[in-house]
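Q: Show me the folded form of this:
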Amino acid sequence: MENFPNYIKILMKPESYGHPADEVQLIQTHISYVFIAGDFVYKFKKPMNFGFLDFSTLAKRAHYCLQEISLNRRLCPEIYLERVSVTRAAGTYELNGDGEIVEYGVKMRRLKEEQMMGRVLAAGALTPTHLDLIVDTLVPFYESAEVNDEIRSYGRAEAVAVNVVENFEQTESFVDGPALSREQLISIRTYALDVLQHEERFNKRIDDERIRDCHGDLYSANICLDDKVYIFDCIEFNDRFRYSDVAGDIGFLAMDLDFHKLDNLADHFVARYVEQSGDQGLLDLIAFYKCYRAYVRGKINLFTAADPGVDPETATGCTEQAKRYFQLAQRYAQADR
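A: Sure, this is the predicted structure:
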């Protein structure tokens, strides 16, 4: 732990928490330290700045902790509990102490790992009923989600193009590698840019009030199928990834199901959502957004595989995942011409 912040060692001790915790587990992501302690989870943001994400100062991390809580309480009010602090006094660190605040984090109730949608998928236990319950959660969420002129502006073709083109630019150095061929890139890019030329399709979605303050990261890793459906960990760090057509969210989860070779369940999910929401127009752009989301997941896996801190086995696995995502993106592009 020599490369970790000093407070990490304190938070690894069960006695640092004001509640029972037999042991503490630390999980790292590229942007967070996550501590699982008893019935609770604590997440602290790393001081990173990737341009599209800036947690570089304590003040920014304090702000985005509050954003994370507020935005995720829309779907999980009972899970996202409070912002916590790490304090330092006389050289000693403490959770929610009286000394100088050196870090902020988010405290959450712990969800059941065995009920996470990813595990349910892996066990081959996902059913249409699960997806119906997800739809029943999402329809009222989008109906009540914030919409205003600024949010609507992100539905314009030129605004959507910013995210789409950025993906192609960020993967250019990986082209002709083991996961992404030049032919695939050209095929997918040509398709996406052609769809974006049809501004009227995007404008209709704006007119239909389908551009909302969405979730932004709606796939199986962020869903728990327990006593109710919990959809958590939305995008809090950049509005342009969350202000979007609801088809972007629905397309993400549908793509995720396709990726797991559950095409029939993906079709069921989309059809059920259209039926329950009355959003027939979603079908006009769902393939476009599925293609976009598959490409994003491919890109993320490429970035992870290229990280020098990642072990060879993980890098190989991520490269294979990326290859499958780009193949899926190309499938969508070719099928929607």
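Q: which stretches of the stretch 51-200 of the chain form helices?
A: Assigned helices in the stretch 51-200 of the chain, in chain order: 58-72, 117-122, 128-144, 149-153, 157-171, 182-196, 199-207 (criterion: DSSP state H, counting those that start in this stretch).
Q: chain center to the second one: distance?
A: Taking the mean of its C-alpha atoms, helix 117-122 sits 16 Å from the chain's own mean (CA atoms, centre = their mean, to the nearest Å).
Q: residues of that helix that come out buried?
A: Neighbour counts over helix 117-122 (16 or more other CB atoms under 10 Å) mark 117-118, 120-121 as buried. For glycine as for every other residue, the C-beta is placed from the backbone atoms N, C-alpha and C.
Q: try the fourth one
A: By neighbour count on 16+ other CB under 10 Å, the buried set for helix 149-153 is 151-152.
Q: Quick one: find the helix or strand in this structure with the lowest mean pLDDT.
A: The helix or strand of the chain with the poorest confidence is strand 24-28; it has a mean of 90 (mean pLDDT, DSSP states H and E).
Q: Describe which strands that strand pairs with in its sheet and in which direction.
A: If you go by DSSP bridges, strand 24-28 pairs up with strand 32-37 (antiparallel).
Q: who's in contact with the partner strand?
A: Outside of strand 32-37, the residues within contact range by CB atoms under 8 Å, 6 or more residues apart in numbering are 4, 8, 11-12, 14, 17, 19, 21, 24-28, 41-46, 110.
Q: just to revisit the earlier point, now the helices of the stretch 51-200 of the chain in a markdown table, with distance to Lys261 and mean pLDDT?
A: Formatted as a markdown table, the helices of the stretch 51-200 of the chain follow (distance: least, CB to CB, whole Å; pLDDT from 0 to 100):
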| stretch | distance to Lys261 | mean pLDDT |
| --- | --- | --- |
| helix 58-72 | 30 | 98 |
| helix 117-122 | 10 | 96 |
| helix 128-144 | 15 | 98 |
| helix 149-153 | 35 | 98 |
| helix 157-171 | 24 | 96 |
| helix 182-196 | 20 | 97 |
| helix 199-207 | 29 | 98 |
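Q: avg pLDDT for stretch 328-337?
A: Mean per-residue pLDDT for stretch 328-337: 92.
Q: Find the helix or strand that the closest residue to Met116 other than its chain neighbours is a member of.
A: In space, and not counting its chain neighbours, Met116 is closest to Cys224: 5.4 Å by CB to CB, 6 or more residues apart in numbering. In the assignment (DSSP states H and E), Cys224 maps to strand 223-225.
Q: My understanding was that Tyr17 contacts Val41; is that so?
A: No - the pair Tyr17 / Val41 is not scored as a contact, 11.2 Å apart, by CB atoms under 8 Å.
Q: what residue ranges in the protein are flagged as low confidence?
A: In the prediction, the chain carries residues with pLDDT under 70 at positions 1-3, 309.
Q: mind giving me the domain split of it?
A: 7-110, 115-335 (automatic domain parsing).
Q: Mean neighbour count, those domains: which tops it?
A: Of all the domains of the chain, domain 115-335 carries the top mean neighbour count, a mean of 18, counting by mean count of other CB atoms under 10 Å.
Q: what's the span of stretch 278-290, first residue to last?
A: End-to-end distance for stretch 278-290, by CA to CA, to the nearest Å: 20 Å.
Q: most centrally placed residue in this structure?
A: Taking CA atoms, centre = their mean, the centroid of the chain lies closest to Asp217, which sits 2.7 Å from it.
Q: now that residue, nearest residue through space, not along the chain?
A: Ile235 (5.3 Å).
Q: cool, and Asp233?
A: Once flanking residues are discounted, Asp233 sits nearest to Asn222: 4.4 Å by CB to CB, 6+ apart.
Q: contacting residues around that neighbour?
A: Neighbouring residues of Asn222 by CB under 8 Å, 6+ apart: 215, 231-234.
Q: CSV for those residues, including secondary structure and distance to Asp176?
A: Output for these, formatted as CSV (DSSP: H, G, I helix; E, B strand; the rest coil; distance: CB to CB, whole Å):
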residue, secondary structure, distance to Asp176
His215, coil, 34
Ile231, strand, 38
Phe232, coil, 38
Asp233, coil, 34
Cys234, coil, 35
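Q: Let me know the closest of the residues you listed to Ala329.
A: Distances from Ala329 to the contacts of Asn222, taken as CB to CB, are shortest for His215 (20.7 Å).
Q: Look up phi and psi at that closest one.
A: As for His215, its main-chain torsions (degrees, to the nearest 10) stand at phi -90, psi -50.
Q: How about the contacts made by it?
A: His215 sits next to 75, 141, 222, 231, 234-235, 242, 249 when contact means CB under 8 Å, 6+ apart.
Q: can you rerun that using 7 Å?
A: Residues in contact with His215 (CB atoms under 7 Å, 6 or more residues apart in numbering) are 231, 234, 249.
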